[in-house]
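Colleague: after the sequence you'll find the predicted model.
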Number of protein chains: 2
Amino acid sequence: MEKITLSHGSGGIQMHRLIDSLFLKQLGNDVLRLKKDSAVVRFGGKNLAFTTDSYVVNPIFFPGGDIGMLSVYGTVNDLAVCGARPLYLSLGLVIEEGLERTILEKITRSINAAAKTAGVKIVTGDTKVVEKGSCDKLFINTSGIGEICYKGLSTDKVRCGDSVIISGPIGDHAISVMSRRDGISFAAGVMSDASPLNGLIGKAMSASKNIRFMRDPTRGGLGTTLNEIVDKMAVGIMLDESAIPVRSGVRRASELLGLDPLYLSCEGRVVLVVASMDSHKVLRAIRSDRRGKSAQVIGVVCAQHKGRVVLRTSSGGKRIVPMMSGEQLPRIC
Amino acid sequence: MEKITLSHGSGGIQMHRLIDSLFLKQLGNDVLRLKKDSAVVRFGGKNLAFTTDSYVVNPIFFPGGDIGMLSVYGTVNDLAVCGARPLYLSLGLVIEEGLERTILEKITRSINAAAKTAGVKIVTGDTKVVEKGSCDKLFINTSGIGEICYKGLSTDKVRCGDSVIISGPIGDHAISVMSRRDGISFAAGVMSDASPLNGLIGKAMSASKNIRFMRDPTRGGLGTTLNEIVDKMAVGIMLDESAIPVRSGVRRASELLGLDPLYLSCEGRVVLVVASMDSHKVLRAIRSDRRGKSAQVIGVVCAQHKGRVVLRTSSGGKRIVPMMSGEQLPRIC
């Protein structure tokens, strides 16, 4: 009898298969089938973006953040990468009986601060409490609504020669959570990158009308996100390893844990595919934001390697970067 | 050190206190503070209703339903009672590692059927998997968007002399879940009333422009919902016990379990406060819907008993019906 495993929630191959073979098969409609970070529907003559995310990160406090701020920024970012201005959030809490009220207060304050920082309003909520042992401390669902202000973002628009940009170093969030979980001393100083991207993305959108697609590389990391972009496409992506920003603490921790930084989740980074003629303009715009100072062009869309991501390694070799398989780090967000 | 208890998720006094003293205090804004079933915000020149609910019912299958259909109908109903036409739903799953795939398939089919029945589209989703023991089988969050088509519903509109209507028998859902949980044989035959109310409510709204307020009596039941309506108001509600529809199976199970049917949750009933001159029109409209055949006028808004709900008992006495305190039935929805 087939059972659901942690890999089904990893963001990688198994999750995509579950979504395709079960959820899309059963629930599929024109909107859901697009598998975007946010659904885009018409409302009042405008394009409305609608998204949802549940947060089950363990532990609920980690260097640089907590489950509260993560649940706000994660959903804000899922709206922003679809070209939407995030407006309203819902907040659904599932609390384990026995959680200290002071912890809930701390998380709620963090949610409030994050909502203020991101410029969104939490307008509706729900609170459930389950018996001790029936959930792990606290799970948070946030759903969000935004107004699409940049149209036409789609993987279909991606063309040969387009530039691939990342807004900052990868893997900080995953390693910061791991460090707190396993007490990894060699990751000391690595803080989660959890942050709202709507400001930075707004600057990029103002700088160019030729952004093809954006996605935040959360579960599954940069490697999986890039595979999602070229999946079933007539183009591939050639990545330049030496251009990909990775902090030394993240690199060191990854080596010692046997993890590939390309699959480590970020919670405050965005990958953009941009027409090459505008890539410098967009890069400059992103770098003008304090959250995008380390942005880099990390690759190019190419005619070779159709549907695949290929890494030109620092040592001059080439290797295929497949979509993540299995589960590297459960409950990272 | 104060801890979160099951009563904080019960829908009763402790939950309201937690919401007021923590969530509204920290996150409060003009919309959230209204504590409606759905937030109402402006979008594209129209009034948009937005709501969220997490479902943690145990067991996930019960007579007459399952967590999947419940998660669709519950959110559809939270939109409908605010005078909105439900349009789009999000679906956030938190799955316990080891859940059989066939169970997930069954729940997904049920979600799909419920969405079709209610006439809504599931347009966006999220899947998380947590380690065995970190959640209990399956939690579902659905958030929903609708368009307000009946304006002005508010407890502020409630006036002396208004009629209080319930659309059907109370407590079926709670007893059906309990019967499955505890194997209560004397509740045999009681099926959950979980069902979508948008059709029935649509008929009521077409029949009268003088509906003051609607709410579905879920957690905390009819007794708590009526208290929410008159809380801090200059009016009270006088209920007629003999008019309140309660199925014999529900009455019997309640007596044996020492439960008051007034606090048993429903998942397919709506309480309406209607101007008395229109109460017969509305009652007739509700009864014309197959889900409202047993609708009854069960009480009247009165000048006495300010802020309170008073029950005229079948034996001719009177007793105050306070808001529910503590937790009768954890994880009923």
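Modeller: On my side now, so go ahead.

Colleague: my read is that A:V309 contacts A:M233, right?
Modeller: No: A:V309 lies out of contact with A:M233 (C-beta atoms under 8 Å); the separation is 11.0 Å. Every C-beta, even on glycine, is put in place using the N, C-alpha and C of the backbone.

Colleague: more neighbours, the two?
Modeller: A:V309 (27 against 15; other C-beta atoms under 10 Å in any protein chain shown).

Colleague: beta partners of that one?
Modeller: A:I237 (DSSP bridges).

Colleague: now the helices for the stretch 51-200 of chain A?
Modeller: A:67-80, A:101-118, A:172-182, A:198-207 (DSSP state H, counting those that start in this stretch).

Colleague: give me the number of residues near the residue of the stretch 1-150 of chain A found nearest chain B?
Modeller: Minimum separation of the stretch 1-150 of chain A from chain B (C-beta to the nearest C-beta) falls at A:G44, amounting to 2.4 Å. Neighbour count of A:G44, defined by other C-beta under 10 Å: 14.

Colleague: try A:K209
Modeller: 11.

Colleague: helix, strand or coil: sort out it for me.
Modeller: Following DSSP: H, G, I helix; E, B strand; the rest coil, A:K209 is assigned to coil.

Colleague: which ones are touching it?
Modeller: Contact partners of A:K209, counting by C-beta atoms under 8 Å, 6 or more residues apart in numbering or on different chains, are A:D278.

Colleague: can you do 7 Å?
Modeller: Neighbouring residues of A:K209 by C-beta atoms under 7 Å, 6 or more residues apart in numbering or on different chains: there are none.

Colleague: excluding chain neighbours, what is closest to the residue most central in space within chain A?
Modeller: Most central in chain A under C-alpha atoms, centre = their mean is A:T218, positioned 3.0 Å from the mean C-alpha point. What sits nearest to A:T218 in space, not counting adjacent residues and going by C-beta to C-beta, 6 or more residues apart in numbering or on different chains, is A:S265, at 4.9 Å.

Colleague: that neighbour falls within a strand, correct?
Modeller: No: with three-state DSSP as the criterion, A:S265 is assigned coil and is not in a strand.

Colleague: okay, now it: neighbour count?
Modeller: Number of residues near A:S265 (other C-beta under 10 Å) recorded here: 29.

Colleague: correct me if wrong: it contacts A:L222.
Modeller: No: the criterion here is C-beta atoms under 7 Å, and A:S265 misses it with A:L222 at 9.2 Å.

Colleague: could you see whether chain B lies near the helix or strand of chain A with the lowest mean pLDDT?
Modeller: Least confident helix or strand of chain A, by mean pLDDT, DSSP states H and E, is helix A:172-182 with a mean of 91. No: using C-beta under 7 Å from any C-beta of the partner chain, we find that helix A:172-182 stays clear of chain B, coming within 12.2 Å at best.

Colleague: what is that helix packed up against?
Modeller: Counting contacts by 3 or more C-beta pairs under 7 Å, 6 or more residues apart in numbering or on different chains; DSSP states H and E, helix A:172-182 is packed against strand A:61-62, helix A:248-257.

Colleague: contacting residues for whichever residue of the stretch 151-300 of chain A sits closest to chain B?
Modeller: Closest contact between the stretch 151-300 of chain A and chain B, by C-beta to the nearest C-beta, is at A:R219 (8.9 Å). Residues near A:R219 by C-beta under 7 Å, 6+ apart: A:S10, A:G11, A:S265, A:I332, A:C333.

Colleague: okay, it: pLDDT?
Modeller: On pLDDT, A:R219 comes in at 94.

Colleague: wasn't it part of a helix?
Modeller: No: counting by three-state DSSP, A:R219 is not found in a helix; it is coil.

Colleague: so chain A: which segments form each domain?
Modeller: Structural domains assigned to chain A are A:36-148, A:155-320, following automatic domain parsing.

Colleague: go through these and name the closest to B:G317.
Modeller: B:G317 lies closest, by C-beta to C-beta, to one member of the domains of chain A: domain A:36-148, at 34.8 Å.

Colleague: strands paired with the longest strand seen in chain A, and their directions?
Modeller: Looking across chain A with DSSP state E, the single longest strand is strand A:84-96. Neighbouring strands of strand A:84-96 in its sheet, by DSSP bridges, are strand A:121-130 (parallel), strand A:138-148 (antiparallel).

Colleague: mind saving the C-alpha coords of the longest one as CSV?
Modeller: As requested, C-alpha coordinates have been extracted for strand A:138-148 and formatted as CSV (Å, rounded to 0.1, in the frame of the first residue of the first chain):
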residue,chain,number,x,y,z
LEU,A,138,2.4,25.5,16.0
PHE,A,139,1.5,25.3,12.3
ILE,A,140,0.5,28.5,10.5
ASN,A,141,-1.4,28.9,7.2
THR,A,142,-1.4,32.2,5.5
SER,A,143,-3.3,32.9,2.4
GLY,A,144,-2.9,36.1,0.5
ILE,A,145,-4.5,38.4,-2.0
GLY,A,146,-2.8,40.9,-4.3
GLU,A,147,-3.4,42.9,-7.4
ILE,A,148,-1.5,42.0,-10.5
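
Colleague: re earlier: which of the contacts of A:R219 ranks first by neighbour count?
Modeller: A:S265 (29 neighbours).

Colleague: what's the pLDDT at A:E255?
Modeller: 93.

Colleague: please apply the same query to the one 5 residues further on.
Modeller: On pLDDT, A:D260 comes in at 96.

Colleague: how about residues contacting stretch A:168-176?
Modeller: Outside of stretch A:168-176, the residues within contact range by C-beta under 7 Å, 6+ apart are A:62-64, A:187, A:190-194, A:217, A:221-222, A:244-247, A:249-250, A:253-254, A:261, A:264-267, A:269, A:291-292, A:294-295, A:329, A:332.

Colleague: drop anything exposed from these.
Modeller: For the contacts of stretch A:168-176, a burial check counting by 16 or more other C-beta atoms under 10 Å in any protein chain shown picks out A:62-64, A:187, A:190-194, A:217, A:221-222, A:244-247, A:249-250, A:253-254, A:261, A:264-267, A:269, A:291-292, A:295, A:329, A:332.
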